[in-house]
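Peer 1: Next input, structure requested:
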Amino acid sequence: MMTIGMEFHIDYAHKLVGHPTCGVDHGHTARVLVEIRGEVKGGPSWRDNVIMDFNELKQIVWKHLSKLDHHNLNELMPVPSAENICKWIFDSLSSELDVVRVTFYEGEGKWCTVSK
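Peer 2: Just a heads-up that it's a prediction; the model follows:
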């Protein structure tokens with residue numbers, strides 16, 4: 001088994017009701033790392049020698065991330081913490097991909113990882 005990954009960026013707004021500093025509407029730019037796994041079969045074509053075409057992976061992931069990008073995440077989930085956002089991304093992508101890890105960076109120096 002082998003893994004490949006891609007990096008994405010989204011901008012979003014949210015608030016964590018009751019939190020002393022994050023309890024007001026504010027925004028973040030997040031970096032999202034997505035890793036999937038698969039087999040390389042080998043053979044004469046390029047398709048036989050990749051887990052998935054990176055452009056195809058990008059299109060699938062972006063279809064899901066676009067539900068978050070430039071949106072208020074309080075309208076999507078009750079408590080849009082980094083942990084819940086990361087889990088939402090992992091679960092959403094798992095419906096189409098063999099996701100092994102999603103790492104969600106809320107700004108710089110703060111992150112959450114969900115993995116199989």
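Peer 1: What separation is there between the nearest residue to L73 once chain neighbours are set aside and V40?
Peer 2: Take L73 and drop its neighbours on the chain: the residue closest to it by CB to CB, 6 or more residues apart in numbering is P80, 3.6 Å away. In short, each C-beta sits where N, CA and C put it, glycine included. Per CB to CB, to the nearest Å, P80 is found 37 Å from V40.
Peer 1: Repeat that for W111.
Peer 2: Taking CB to CB, one finds W111 at 29 Å from V40.
Peer 1: between these two, which one's more packed in?
Peer 2: W111 (16 against 12; other CB atoms under 10 Å).
Peer 1: Run through the residues that contact the more buried one.
Peer 2: W111 makes contact with 82, 103-105 under the criterion CB atoms under 8 Å, 6 or more residues apart in numbering.
Peer 1: What score does the residue nearest to L73 have for pLDDT?
Peer 2: Model confidence at P80, given as pLDDT, is 98.
Peer 1: and if you look at V50?
Peer 2: 96.
Peer 1: pretty sure it contacts V40?
Peer 2: Yes: counting by CB atoms under 8 Å, V50 does reach V40; the two are 6.8 Å apart.
Peer 1: partners of H26 in the sheet?
Peer 2: H14 (DSSP bridges).
Peer 1: residues in contact with it?
Peer 2: Per CB under 8 Å, 6+ apart, neighbours of H26: 13-15.
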